[in-house]
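>>> Structure here, sequence nowhere to be found:
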């Protein structure tokens, strides 16, 4: 988990984190930073319901979680390959979701990093992205 990695490294928390179709295993620790989850509603590898449960049960610890779902989008909706079977799942590009996710990522990071730069955030001005 991102929070475990940051804590183990004895570093300051990230200012923001963006997760494209993450695994969303049950939370094991409190949120360490503001987080944006981008996931396809048709993702059969990391189902949107699992991420909704994670979002609804994680201890916020003064941070926020935003989750945006994309109707019809599969796992790896931002990948260059068109939809195809892989490892028992159906994955692949959904151009509208990919374009919107890029815009949402930029907007989210711009907002959070601007706050960190002027000292309104408890976090350091670094950011991370992750996938699943």
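Right, received. Where do you want to start? Predicted model, so just to flag it, every value in this text is computed and none were measured.
>>> rest of the way, CA atoms for contacts and neighbours
Fine.
>>> Below-threshold pLDDT in this protein: ranges please.
Scanning the chain for pLDDT under 70 picks out 1-10, 120-132.
>>> Show the backbone phi and psi for the residue at minimal distance from the centre of the chain.
Centroid check for the chain by CA atoms, centre = their mean gives residue 19 as the closest residue, at 1.9 Å. Per-residue torsions, residue 19: phi -120, psi 120 (degrees, to the nearest 10).
>>> So in terms of bridging, what pairs with it?
Counting by DSSP bridges, residue 19 forms beta bridges with residue 37, residue 130.
>>> Looks like it contacts residue 40 (just checking).
No: look at residue 19 against residue 40 with CA atoms under 8 Å: they stay out of range, at 12.0 Å.
>>> which residues are contacting the helix or strand containing residue 66?
Secondary-structure assignment from DSSP states H and E places residue 66 in strand 65-70. With contacts defined as CA atoms under 8 Å, 6 or more residues apart in numbering, strand 65-70 is touched by 34, 35, 36, 37, 38, 39, 40, 41, 48, 52, 55, 97.
>>> State the number of residues packed around residue 108.
19 (other CA atoms under 10 Å).
>>> who's in contact with it?
residue 36.
>>> is it fair to say it lies in a helix?
Yes: assessed with DSSP: H, G, I helix; E, B strand; the rest coil, residue 108 lies in a helix.
>>> Which residue ranges of the chain form helices?
Per DSSP state H, the chain carries helices over the ranges 2-8, 48-57, 95-117.
>>> Next, the angle from the last one to strand 65-70.
Between helix 95-117 and strand 65-70, the angle formed by their directions is 160 degrees, by axes from the mean of the first three to the mean of the last three CA atoms, to 10 degrees.
>>> do the second one as well
Comparing the axes of helix 48-57 and strand 65-70 via the same axes, to 10 degrees yields an angle of 160 degrees.
>>> contacting residues around helix 48-57?
22-27, 39-42, 65, 67, 69.
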